[in-house]
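Peer 1: I would like to see how this sequence folds:
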Amino acid sequence: MESYTEDGVTVQSNEASQDELQAAFDDATPETPAAETPDQPAAPEQGAKPVADSKVDKRTREGRKGSIQSEIDTLTAEKGRVTGETTAAKAERDRIAAEVADLRAQKAALATKPAAEPPAKPKTAASLPDDNPDDPKPQEADFESYADFVESRAAWAARRTYAQQDQARAEREQKGRTERFREMRTQRFVERRDAGKAEFADYDAVINEAHLPLSQPMIDVITDSEITAKLQYHLATHPEEAQRIFSLGVTGHDGRWYPNEIQQFGEMKVLEGRLSAAVSGPAQRMPVSSQAPAPVKPLRGTPTAADADSPPGDDASYEDHEKYWNNPKRLSR
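Peer 2: Numbers count the residues shown, from 1 in each chain. Model prediction:
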């Protein structure tokens with residue numbers, strides 16, 4: 001401290017010199033706090049600014065030392081608070097960056113995925129075409145009053161809506177019948193195949209190793225055939241015949257090849273008949289009835305005019321004799 005005397009009055013300055021301040025900083029080392037006892041007050045919360053003791057005289061060395069320590073504690077608490085906020089901000093930044101990366105990945109996946117078609121909206125009377133000649137759309141000019149026009153238009157819209165619903169119901173029923181037929185056809189195919197493949201010990205191995213070209217007519221004949229397993233096994237062991245049937249077609253004027261499905265179907269039926277005959281033997285020939293005309297049956301008619309006067313022979317019937325002898329013309333002679 002600096003002091004000076006003027007007119008018998010001594011004045012002391014509370015401003016420390018540079019050397020004194022450096023010495024105070026050197027001595028201001030934080031002391032280890034003593035263990036807390038129940039009688040001691042609770043420690044201040046982190047970040048709270050310590051309250052200076054009002055009894056400490058900052059003009060003294062100890063006062064200045066305590067003031068500097070208080071400022072150090074304040075700065076340390078502020079640093080801890082800022083460090084905590086910085087750590088939390090970094091964590092939030094990392095979380096947001098992860099969400100952004102996830103959203104970008106989802107966007108890229110949606111860009112490569114084909115857009116799903118929006119569900120078809122149910123048709124209403126207003127969306128149906130107006131080209132039904134049997135039930136034309138009512139026109140306001142055709143009615144004497146607007147009320148009659150509105151009533152007719154409402155009835156027309158109801159008829160059209162019902163027709164659309166009826167058509168949709170018919171389409172659902174047709175689809176159901178088609179599905180049931182397909183299921184029954186597949187079930188019969190599996191039953192015939194499983195029953196027929198027992199004839200061939202290596203059926204599964206041969207069929208699994210075969211890579212045959214099959215057109216739709218060929219598949220239809222195999223599916224509906226009574227010897228489906230034998231057809232499959234024959235084509236698998238004779239791939240050249242399967243290729244021949246598959247290649248039946250014509251070349252168009254444009255130079256392109258077009259399959260002849262009718263011819264393919266016919267060749268498959270011929271093959272089916274040949275294999276069926278090999279299984280059951282030659283078909284028995286039915287007896288052919290004679291095409292000759294039936295023998296002529298003798299006709300017994302009435303006597304001619306030349307024979308009318310001659311009596312009937314001994315082999316004539318009683319009626320012929322009676323007719324002859326009771327003939328009025330003969331009696332009148």
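
Peer 1: give me the pLDDT value at His238.
Peer 2: Reading off the confidence values, His238 has pLDDT 94.

Peer 1: swap that for Ala155, sorry
Peer 2: Here the pLDDT value assigned to Ala155 is 93.

Peer 1: quick one: secondary structure of it?
Peer 2: Using DSSP: H, G, I helix; E, B strand; the rest coil, the structure places Ala155 in helix.

Peer 1: C-alpha coordinates for stretch 73-82, CSV please?
Peer 2: Coordinates of the C-alpha atoms in stretch 73-82 are reproduced here as CSV (Å, rounded to 0.1, in the frame of the first residue of the first chain):
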residue,chain,number,x,y,z
ASP,A,73,-14.1,-19.0,-8.6
THR,A,74,-16.6,-17.0,-10.6
LEU,A,75,-14.6,-17.4,-13.8
THR,A,76,-14.1,-21.1,-13.1
ALA,A,77,-17.9,-21.6,-12.6
GLU,A,78,-18.6,-19.7,-15.8
LYS,A,79,-16.2,-21.8,-17.7
GLY,A,80,-17.8,-25.0,-16.5
ARG,A,81,-21.2,-23.7,-17.5
VAL,A,82,-20.0,-22.7,-20.9
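
Peer 1: so which bits of it are buried?
Peer 2: Taking 16 or more other CB atoms under 10 Å as the basis for neighbour counts, the residues of stretch 73-82 that come out buried are Ala77. No exception for glycine: its C-beta is placed from N, CA and C like everyone else's.

Peer 1: rounded mean pLDDT for it, please.
Peer 2: When the per-residue pLDDT values of stretch 73-82 are averaged, the result is 87.

Peer 1: repeat that for stretch 101-116.
Peer 2: Taken as a whole, stretch 101-116 has a mean pLDDT of 74.

Peer 1: can I assume Arg193 is in contact with Gln232?
Peer 2: Yes. If you go by CB atoms under 8 Å, Arg193 and Gln232 touch, sitting 7.3 Å apart.

Peer 1: okay, now the closest residue in space to Tyr203 that isn't next to it in sequence: neighbour count?
Peer 2: Here the nearest residue to Tyr203 in space, its sequence neighbours aside, is Lys197; by CB to CB, 6 or more residues apart in numbering that works out to 4.1 Å. Here the number of neighbours of Lys197 (other CB atoms under 10 Å) works out to 19.

Peer 1: can you pull the contacts of Lys197?
Peer 2: When contacts are counted by CB atoms under 8 Å, 6 or more residues apart in numbering, Lys197 is found next to 203-204, 229, 233.

Peer 1: how about 10 Å then?
Peer 2: Taking CB atoms under 10 Å, 6 or more residues apart in numbering as the contact definition, Lys197 lies against 203-204, 206-207, 228-230, 232-233.

Peer 1: part of a strand, is it?
Peer 2: No. Per three-state DSSP, Lys197 lies outside any strand segment and is helix.

Peer 1: Val100 versus that one, what's the distance?
Peer 2: For Lys197, the distance to Val100 (CB to CB, to the nearest Å) stands at 60 Å.

Peer 1: what segments of the stretch 101-250 of the chain are strands?
Peer 2: Remark: strands assigned in the stretch 101-250 of the chain by DSSP state E, counting those that start in this stretch are 249-251.

Peer 1: flag the shaky bits of it, pLDDT-wise.
Peer 2: Along the stretch 101-250 of the chain, the model assigns pLDDT under 70 to residues 112-131.

Peer 1: which stretches of it form helices?
Peer 2: In the stretch 101-250 of the chain, helices defined by DSSP state H, counting those that start in this stretch lie at 146-196, 203-209, 216-224, 228-237, 239-246, listed in chain order.

Peer 1: dump the C-alpha coordinates for the last one into PDB.
Peer 2: What follows is the C-alpha trace of helix 239-246 in PDB, where atoms were taken according to Å, rounded to 0.1, in the frame of the first residue of the first chain:
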ATOM      1  CA  PRO A 239     -35.700 -82.500 -75.800                       C
ATOM      2  CA  GLU A 240     -35.300 -82.500 -79.600                       C
ATOM      3  CA  GLU A 241     -39.000 -83.200 -79.900                       C
ATOM      4  CA  ALA A 242     -39.900 -80.500 -77.500                       C
ATOM      5  CA  GLN A 243     -37.800 -78.100 -79.400                       C
ATOM      6  CA  ARG A 244     -39.400 -79.200 -82.700                       C
ATOM      7  CA  ILE A 245     -42.900 -78.600 -81.400                       C
ATOM      8  CA  PHE A 246     -41.900 -75.300 -79.800                       C
END
